[in-house]
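>>> Structure, please.
(chains A and B)
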Amino acid sequence: QKEVEQDPGPLSVPEGAIVSLNCTYSNSAFQYFMWYRQYSRKGPELLMYTYSSGNKEDGRFTAQVDKSSKYISLFIRDSQPSDSATYLCAMRQGNSGYSTLTFGKGTMLLVSP
Amino acid sequence: DAGITQSPRHKVTETGTPVTLRCHQTENHRYMYWYRQDPGHGLRLIHYSYGVKDTDKGEVSDGYSVSRSKTEDFLLTLESATSSQTSVYFCATGTGRILTYEQYFGPGTRLTVT
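Here you go, the predicted model:
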């Protein structure tokens, strides 16, 4: 079993829909959770990060962590065609550069006008 | 892209030839990373560096070596390229400061081994 599981999609939604992207993980030592967005043929860029359990909101994006279930989510409200990209979850155990990131495989999101 | 460049951006090479990919950063970040990204596998860490001349292996380091002689440059070498090393390679940098989780990624190098 991989440490981080993520459905590759693609997930197709109409513009304006609420999108839910999810990852599950098996390593209970993960404490820091991130979502990266990757446009086609580009490098990933950090979208959101959270520490431990709870919610964090930034504009149309909400990141949610449930450590008891080993489950993280990213919600996108009022989705736009410009949100079409691959979304990668990532997590780490410690908070320094020595502690490397473990990525999910990414979920491709397609938002149609 | 936080001042990260990768060269070359595209390369086609033959099996058995050596290949070196270069990552250059202008951010003075202490940490640098090399990843490969493949369909069905996502991003996987090859090697990383936590300072000049300080490197460590990642998840998929077999067949790869790295060197970092200057803060700004991190080289990835495939000593004898194989078709299984056909992939998109990303370099990333990070400050490593507490509460700074971000890794900044370069634009990627698309490598094809024939």
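>>> Could you pull out the strands in the chain for me?
No chain in the question, so chain A it is. A:4-5, A:11-14, A:19-25, A:32-38, A:45-51, A:54-58, A:61-66, A:71-76, A:85-92, A:102-103, A:107-112 (DSSP state E).
>>> hm, I was asking about chain B
Using DSSP E, strands in chain B cover B:4-7, B:10-13, B:19-25, B:31-38, B:42-51, B:54-57, B:64-70, B:73-78, B:87-94, B:104-105, B:109-113.
>>> contacting residues around residue 112?
Just going to use chain A. The contact partners of A:Ser112, by CB atoms under 8 Å, 6 or more residues apart in numbering or on different chains, come to A:12-15, A:81. For the C-beta atoms, the positions are set from N, CA and C on the backbone; glycine is no exception.
>>> not what I meant, chain B
B:11-13, B:86.
>>> Redo those residues as TSV? Include neighbour count and pLDDT.
Output for the contacts of B:Thr112, formatted as TSV (neighbours: other CB atoms under 10 Å in any protein chain shown; pLDDT from 0 to 100):
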residue	neighbour count	pLDDT
B:Lys11	16	97
B:Val12	10	98
B:Thr13	16	97
B:Thr86	16	98
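>>> from these, which is closest to B:Tyr35?
B:Thr86 (14.9 Å; CB to CB).
>>> surely the closest one meets B:Val113?
Yes - using CB atoms under 8 Å as the test, B:Thr86 is close enough to B:Val113 to be in contact (4.9 Å).
>>> Name the residues linked to A:Phe33 by a beta bridge.
A:Thr50, A:Met91 (DSSP bridges).
>>> Next one: it from B:Lys11, what distance?
According to CB to CB, to the nearest Å, A:Phe33 stands 34 Å off from B:Lys11.
>>> Where does pLDDT dip in chain B?
B:1-2, B:96-101 (pLDDT under 70).
>>> Quick check: residues of it near chain A?
B:1, B:4, B:30-31, B:33, B:40-45, B:48, B:50, B:58, B:90, B:92, B:94-96, B:98-99, B:101-103, B:105-108 (CB under 8 Å from any CB of the partner chain).
>>> One more pass at 6 Å, please.
B:31, B:42-43, B:45, B:50, B:90, B:94, B:96, B:98, B:101-102, B:105-108 (CB under 6 Å from any CB of the partner chain).
>>> and those, which are buried?
With neighbours counted by 16 or more other CB atoms under 10 Å in any protein chain shown, these contain buried members at B:31, B:42-43, B:45, B:50, B:90, B:94, B:96, B:101-102, B:105-106, B:108.
>>> residues shared between the contacts of B:Thr86 and B:Val113?
Residues touching both B:Thr86 and B:Val113 (CB atoms under 6 Å, 6 or more residues apart in numbering or on different chains): none.
>>> Any regions of chain A where pLDDT drops low?
Ranges of chain A meeting pLDDT under 70: A:1, A:95-98.
>>> and if we set it to 80?
A:1-2, A:52, A:94-99 (pLDDT under 80).
>>> what's across from the most centrally placed residue in chain B in the sheet?
The centre of chain B sits closest to B:Trp34, judged by CA atoms, centre = their mean, with a distance of 2.6 Å. Applying DSSP bridges to B:Trp34 gives these bridge partners: B:His47, B:Cys91.
>>> Quick check: it touching B:Tyr48?
No - if you go by CB atoms under 6 Å, B:Trp34 and B:Tyr48 don't touch, sitting 7.1 Å apart.
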